[in-house]
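> sharing a model that was predicted from the sequence below.
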Amino acid sequence: MKKRFIPGVLVAAMTAALLALGAPANAASTEPTVTLTSPTADDFDFNAIATWNPKKQEACLYSASQLKPPTESKEPWVAPGDCKLWRPAAGTQSGIYVATWDSGKSRALLVNSAEPTTSKRKRILVMVPDYTWQAYDLVKNGNFYFDEVGKKSTNFSDRKLNLFRPMNFNTVGDQVNYPAAPQLYPFSNPIHFLRSHLENVDVVSESNFDEAEYDLGNYRTVVLYGHDEYWTANFKSGLEKAVADGTSLLNLSGNTGYRKLVRTGEVIGFDPTSPEHPRTSRWGDSPNDTTSLKLLGATYLGEPFAKRQLKPVKVSPRMLRDLWRDGLPASVTRRNIHRVLRGMLVKDASNPLFAGTGLKSGDFFGTDSKILSIELDGIPEAPNGSIDPEFLAKFGSTPIAALAESWVNARVGASGRAWRAGQLIETTFGKGKVFTAGPIGWTGGLVSGDQTVQRITLNALKYLGEETLD
């Protein structure tokens, strides 16, 4: 048989093309035409899947027509490798996008994570809390808390969720208790705001962080935002090491680092429970586990006062008198308390974090932009206004300053009067500086254009050592 001769140049070209694609054998060879847009408040539901390879900087797109819903939550949504590979145009910034292809028939949420960097502390990194998105994603088989809309899970600590599924933010399963949860919406993020004031802002999803070799110590500042409740041990240890070594932390999240997440492949869940350790889904519940309190300078406090209710909260005369004694202005009555308690109260307006805001001590801010969304972190206070001794015993001797406060639901305090919680917290962790805002809805304030929230955030960045462009 006569051998066929293939020129070396052609062989090299074919090899280069195959390497550029990096495609599995069963992936489609034709790259789809994809449109990228920024998420908006209307982007709740997605019918397709887009995964991201941070090392190759390419996406794997699973069309809506290919999805095969599982009969059990442990099953994948599509056959492994059944995707179309796609690379964004050169110069596309890392970030959160809506990817649309198949003539608009397929829509997926795509977190385009930055490539792992070796540039020592020359950039800022925004961590996308996509594990929390998955925890509340209500596609078939539900999320950690609901089997389906309106039907709560019997034991969420035993639930396992597959990352390989579409995203649905239209409802979190309980429209009475969660009438509006903007921390779950992809558009409610600080990326655009930060890029308008800072240079070199990278974006990385937490799921990609656990898949690739990112060193958070390569960044000057790491930014957390929204509802960053679920941390794996890998992410927690990586963040703590980076801040201890000198990286700054801008924590614009609430309920931060509260639950311990275990990931196996594409499946996420919690440590198995036992009679000895029945709540191992929380950091600090298992032997040798630590909480995130010392890093963040704050602890989970629960719900802002009257925040979840659709109707104004019922306030008894005695409760109102207690709140007045705790510092609530006498102008606050049972009729307007529902509105006023949506904001935060300035404790010490002389602090540089309030520079340029025009705020005075005793002023409220963030009321109209509803920054006290759903849940919050803070410093628990005793009825006399001092920091709770039990908190200080766990926190340690690190300097800490609480610059603003909010009133939290009465059930949080055993005394029935521990309404207040310090937020806008300055502290340190090792060599790194830390700023914690506290409310889940803080970035919602940034997105909505709350100039006070924006100015405080910029002042916090300067406190952390960043040079802003304004």
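Arrived safely.
> residue ranges with poor pLDDT in the stretch 1-150 of the chain?
1-29, 72-74 (pLDDT under 70).
> how about the strands in it?
For the stretch 1-150 of the chain, the strands defined by DSSP state E, counting those that start in this stretch occupy 35-37, 49-53, 58-62, 84-86, 95-101, 106-112, 123-128, 146-148.
> okay, now the unreliable bits of the stretch 351-470 of the chain?
Ranges of the stretch 351-470 of the chain meeting pLDDT under 70: 383, 409-420.
> related to what we said a few turns ago, so can I have JSON lines of the strands of the stretch 1-150 of the chain showing mean neighbour count and distance to residue 253?
Bear in mind the C-beta positions are built from the backbone N, C-alpha and C, glycine included. Formatted as JSON lines, those follow (neighbours: other CB atoms under 10 Å; distance: least, CB to CB, whole Å):
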{"stretch": "strand 35-37", "mean neighbour count": "12", "distance to residue 253": "25"}
{"stretch": "strand 49-53", "mean neighbour count": "21", "distance to residue 253": "22"}
{"stretch": "strand 58-62", "mean neighbour count": "23", "distance to residue 253": "26"}
{"stretch": "strand 84-86", "mean neighbour count": "20", "distance to residue 253": "31"}
{"stretch": "strand 95-101", "mean neighbour count": "21", "distance to residue 253": "15"}
{"stretch": "strand 106-112", "mean neighbour count": "24", "distance to residue 253": "16"}
{"stretch": "strand 123-128", "mean neighbour count": "24", "distance to residue 253": "9"}
{"stretch": "strand 146-148", "mean neighbour count": "16", "distance to residue 253": "22"}
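> and the lengthiest strand in the chain, which strands flank it?
Using DSSP state E to define each element, the chain has its longest strand at strand 420-429. With DSSP bridges as the criterion, the sheet partners recorded for strand 420-429 are strand 376-380 (antiparallel), strand 400-407 (antiparallel), strand 432-436 (antiparallel).
> winner for burial among those?
When the strands paired with strand 420-429 are scored by mean count of other CB atoms under 10 Å, the highest mean neighbour count falls to strand 376-380 (a mean of 27).
> ok, residues contacting the helix or strand following that strand?
Remark: after strand 376-380, the chain's next helix or strand is helix 389-395, criterion DSSP states H and E. Outside of helix 389-395, the residues within contact range by CB atoms under 8 Å, 6 or more residues apart in numbering are 291, 293-294, 297, 299, 379-380, 382.
> tabulate the strands of the stretch 1-150 of the chain (CSV), appending distance to residue 407.
What follows is these, written out as CSV (distance: least, CB to CB, whole Å):
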stretch, distance to residue 407
strand 35-37, 39
strand 49-53, 41
strand 58-62, 45
strand 84-86, 49
strand 95-101, 33
strand 106-112, 35
strand 123-128, 29
strand 146-148, 29
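> which one of the strands paired with strand 420-429 lies nearest to residue 85?
strand 432-436 (38.4 Å; CB to CB).
> after the closest one, next one along is what?
helix 442-448.
> what does that next one contact?
Counting by CB under 8 Å, 6+ apart, 182-183, 187-190, 193, 225-226, 252-254, 366, 369-371, 373, 453-454, 457 sit against helix 442-448.
> please repeat the previous calculation with a cut-off of 6 Å.
Contact with helix 442-448 is made by 182, 188, 190, 193, 225-226, 252, 366, 369, 371, 373, 453-454, as judged by CB atoms under 6 Å, 6 or more residues apart in numbering.
> check stretch 48-58 too.
With CB under 6 Å, 6+ apart, stretch 48-58 has contacts from 22, 59-64, 85, 87, 99, 106-108, 110, 113, 115, 166, 208, 212.
> same question for stretch 83-100.
By CB under 6 Å, 6+ apart, stretch 83-100 touches 23, 27-28, 31-32, 34-37, 39, 43, 50, 58-62, 107-108, 110-114, 186, 191, 202-203.
> thinking again about what came up before, can I get the strands paired with strand 420-429 in JSON lines with distance to residue 335?
Output for the strands paired with strand 420-429, formatted as JSON lines (distance: least, CB to CB, whole Å):
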{"stretch": "strand 376-380", "distance to residue 335": "24"}
{"stretch": "strand 400-407", "distance to residue 335": "16"}
{"stretch": "strand 432-436", "distance to residue 335": "33"}
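> and residue 283, which of these is closest to it?
Here strand 376-380 is closest among those (CB to CB), at 13.0 Å.
> circling back: which of the strands paired with strand 420-429 sits closest to residue 270?
strand 376-380 (20.3 Å).
> so what touches that closest one?
Under CB under 6 Å, 6+ apart, the answer for strand 376-380 is 254, 256, 298, 300-301, 304, 387-388, 391, 402, 421-423, 438-439.
> ok, and what's touching the helix or strand hosting residue 235?
In the assignment (DSSP H and E), residue 235 maps to helix 233-244. Helix 233-244 is contacted by residues 206, 209-210, 216-217, 249, 295, 429-430, 432 when judged by CB under 6 Å, 6+ apart.
> mind checking which of the residues you listed land in helices?
If you go by DSSP state H, the contacts of helix 233-244 have 206, 209-210, 295 in helices.
> residue 158 is nearest to which of the strands of the stretch 1-150 of the chain?
strand 146-148 (12.3 Å).
> can you list the strands that the closest one pairs with?
For strand 146-148, pairing defined by DSSP bridges yields strand 151-152 (antiparallel).
> wait, residue 201 touches residue 124, no?
Yes: using CB atoms under 6 Å, residue 201 makes contact with residue 124 at a distance of 4.9 Å.
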